[in-house]
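Visitor: next one to model:
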Amino acid sequence: MTKPFKTLDDMGDISGKIVLVREDLNVPMQDGAVSDDTRLRSAMPTVLELADRGAKVLILAHFGRPKGAKNPEFSLSKITRPLSAVLGREVQFIPDCQGQAAVDGIAVMRPGDIAILENTRFHAGEEKNEPALVEAMAAIGDLYVNDAFSAAHRAHASTEGLARKLPAFAGRAMEKELDALEAALGQPNPPVAAVVGGAKVSTKLDVLNNLVTKVQHLIIGGGMANTFLHARGVDIGKSLCEKELAETAEAILDKADEAGCIIHLPYDVVVAKEFAANPPSVRTCNVHEVAADEMILDVGPAAVEALGDAIKNCRTLVWNGPLGAFEIAPFDTATVALARIAAALTKDGSLISVAGGGDTVAALHHAGVADDFTFVSTAGGAFLEWMEGKDLPGVKALIG
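Guide: Numbers count the residues shown, from 1 in each chain. As a prediction, this is how the structure comes out:
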């Protein structure tokens, strides 16, 4: 199938060429060490392939929020050794991403060498996508590869500007992400189900409005479900709820009806009088039996079984956000149960499952099924904006 963007397969002979590769190296650190190397491992296929094909690989990335000024606390020099350990190769460090310092650093590189350039956000022009910085960065390279989907929703010099200045290609991680997203909402196999959870409707209004026109089943969980239950006239006790958004929730329900999308709200729920681990007051009840001093903290087992049946009749699933307060037992039960059903269907080959967002990734790992989904995106903001149906500048620039 022809893709709308060029990949590493379209690069031809790159031996001796200087390739600027935008990666996401913005990893969490604890006591000077990388505490989660997922993003480093995700950079591995592209960086090693380019090096093995004889390119001089220059990695562009941001780290923290230095606000357009040099700050040793946010130097990417800290990532050189951890990345080297992941790649199993020496990784050099070059103290700028443009100008003479970059030119001097590149001059001593040989084909196949890998180097990290200093934090792009040390330049104020990075986040403003200033043409002068784009020109200066483009001047040090021959080709550009964007491998950082998680930064693709930002129109920065290193994510969007360079893609319009140099011959641009999608890296392997970016390609995998875009292929998965296309399979999930671009040209999916219907019927399509979406799970959208989280605390607040207000943070996912655009997602819900977009999804009701794209999917056949929309499963709403978390605190968001309470707002929809309230809009339907259900007494939800002291549950988390955005009562001021009742009319908005009604409008989404009406839009779903018009589009032929079934919205699934819980009809049995797990409630407690306090939000704490295994509280003595925890019980399961019909959604119409929530007491005034109780709060809804998870979806009940009967509803989970019905949701599982709905997913079994679907070919594609998109998941963003947990069904309950999954961080605390026993309110992780519904999320874990539904995630395991989706994972089993995926392993059977009957479901394409794509999930994304920080809480979602954590919940799938907690359920022990992250590796069984078709694709799990570690991108937060970019994944959410994609679910909202928005164009992502970094992706649009690759497509032309």
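Visitor: ok, S35 - how many residues close by?
Guide: S35 has 9 neighbours, counted by other Cβ atoms under 10 Å. Backbone N, C-alpha and C define where each C-beta goes, glycine included.
Visitor: got the contact list for the residue nearest to it when sequence neighbours are not counted?
Guide: Leaving aside its chain neighbours, S35 sits nearest to P28 (4.8 Å; criterion: Cβ to Cβ, 6 or more residues apart in numbering). Residues near P28 by Cβ atoms under 8 Å, 6 or more residues apart in numbering: 34-36.
Visitor: what distance do you get for P28 to V287?
Guide: P28 is 38 Å from V287, where distance means Cβ to Cβ, to the nearest Å.
Visitor: over to P279?
Guide: 19 Å.
Visitor: between these two, who's got more neighbours?
Guide: Taking other Cβ under 10 Å, P279 and V287 do not tie; V287 has more neighbours (22 against 15).
Visitor: ok, the more buried one - contacts?
Guide: 229, 234, 265-269, 296.
Visitor: what is the neighbour count of R232?
Guide: 13.
Visitor: what does L76 give?
Guide: Counted with other Cβ under 10 Å, L76 comes out at 26.
Visitor: repeat for I263
Guide: For I263, using other Cβ under 10 Å, the count is 19.
Visitor: could you do the one 5 residues further on as well?
Guide: By the criterion of other Cβ under 10 Å, D268 has 18 neighbours.
Visitor: ok, for it, nearest residue in space, not its chain neighbours?
Guide: Closest to D268 by Cβ to Cβ, 6+ apart is G300, at 3.1 Å.
Visitor: distance of the one you found from R39?
Guide: Distance from G300 to R39, by Cβ to Cβ: 37 Å.
Visitor: just the strands in the stretch 251-400 of the chain please.
Guide: Listed in chain order, the strands of the stretch 251-400 of the chain (DSSP state E, counting those that start in this stretch) span 262-264, 268-272, 283-286, 295-299, 316-320, 352-356, 375-377.
Visitor: what pairs with the fourth one, parallel or antiparallel?
Guide: So that's strand 295-299. If you go by DSSP bridges, strand 295-299 pairs up with strand 268-272 (antiparallel).
Visitor: what is the mean pLDDT for the strand it pairs with?
Guide: For strand 268-272, the mean per-residue pLDDT is 97.
Visitor: OK, contacts around D52?
Guide: Counting by Cβ under 8 Å, 6+ apart, D52 has contacts G112.
Visitor: for the closest residue to G197 other than its chain neighbours, phi and psi?
Guide: Nearest residue to G197 in three dimensions, chain neighbours excluded: G321, at 3.1 Å (Cβ to Cβ, 6+ apart). Taking degrees, to the nearest 10, you get phi 110, psi 140 for the backbone angles of G321.
Visitor: neighbours around G321, how many?
Guide: G321 has 28 nearby residues by other Cβ under 10 Å.
Visitor: settle this for me: it is touching G198, isn't it.
Guide: Yes - with contacts counted by Cβ atoms under 8 Å, G321 reaches G198, the gap being 3.9 Å.
Visitor: what touches both of those two?
Guide: If you check G321 and G198 against Cβ under 8 Å, 6+ apart, the residues they both contact are 204, 222, 224, 359.
Visitor: so F373 sits against A355, correct?
Guide: Yes - if you go by Cβ under 8 Å, F373 and A355 touch, sitting 5.5 Å apart.
Visitor: which of the shared contacts of G321 and G198 fall within helices?
Guide: Those of the shared contacts of G321 and G198 mapping onto helices are 222, 224, 359, per DSSP state H.
Visitor: pLDDT wise, what is the closest residue to the second one other than its chain neighbours at?
Guide: Counting by Cβ to Cβ, 6+ apart, M224 lies nearest to V201, which is 4.8 Å off, once chain neighbours are set aside. Note on V201: pLDDT of 89.
Visitor: V201: how many residues sit nearby?
Guide: Using other Cβ under 10 Å, V201 has 26 other residues around it.
Visitor: list the contacts of it.
Guide: If you count contacts by Cβ under 8 Å, 6+ apart, then V201 has 208, 224, 227-228, 242, 245, 248-249 around it.
Visitor: could you chop this structure up by domain?
Guide: Listed domain ranges for the chain are 8-174, 188-387 (source: automatic domain parsing).
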